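Asks: Sharing a model that was predicted from the sequence below.
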Amino acid sequence: MKYIFELQMKVRDYECDLQGIVNNANYQHYIEHTRHEFLSSLGVSFARLHDEGIDPVVARLNMAFKTPLKSGDEFVSKLYIKKEGIKYVFYQDIFRLSDMKPVIKATVETVCVINGRLGDNEVFNTIFSPYFSE
């Protein structure tokens, strides 16, 4: 897979459940943070987009859990993107750094609501076009 962005992070104690592993909901936080950092690296501000009437939202999310993370584990979250109609589909994978075992594989379909209506976003089309995977 041709990843276009990656972000390293570390599991914090409070993200774990009674079993001593990362609670499933926190993986969604990790991949969302990765997407936001990707956008930030491209100069895109969510607050500014909202002020301009553009709201990117998650339409569908699918996560497959492979290997659990534990407190203190360091990991890398990677992504690449495709365009399907008006959707921007992020393929996001997390790997444990100590052995590069896959932790999760996720697909996140996002759309843009522009001034209250679902629509195609030319700003994203332009910014993302060099990264669209075939």
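Replies: Sure thing, it's come through.
Asks: mind checking the longest helix of this protein?
Replies: Ranked by residue count under DSSP state H, the longest helix found in the chain is helix 24-41.
Asks: Mind listing what's buried along the following helix or strand past that helix?
Replies: As assigned by DSSP states H and E, the chain's next helix or strand after helix 24-41 is helix 46-51. For helix 46-51, a neighbour-count test (16 or more other C-beta atoms under 10 Å) marks residue 49 as buried. (C-beta placed from N, C-alpha, C; glycine too.)
Asks: Could you list every helix and strand in contact with helix 46-51?
Replies: Where contact means 3 or more C-beta pairs under 8 Å, 6 or more residues apart in numbering; DSSP states H and E, helix 46-51 is packed against strand 54-65.
Asks: mind saving the C-alpha coords of the strand it packs on as CSV?
Replies: The C-alpha trace of strand 54-65 is given here as CSV (Å, rounded to 0.1, in the frame of the first residue of the first chain):
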residue,chain,number,x,y,z
ILE,A,54,-17.7,23.7,4.7
ASP,A,55,-18.1,20.8,7.1
PRO,A,56,-16.3,17.5,6.3
VAL,A,57,-18.1,14.7,8.1
VAL,A,58,-17.7,10.9,8.5
ALA,A,59,-20.4,9.1,6.5
ARG,A,60,-19.2,5.5,7.2
LEU,A,61,-16.5,3.8,9.2
ASN,A,62,-15.3,0.3,9.2
MET,A,63,-12.5,-1.0,11.6
ALA,A,64,-11.1,-4.5,11.7
PHE,A,65,-9.2,-5.2,15.0
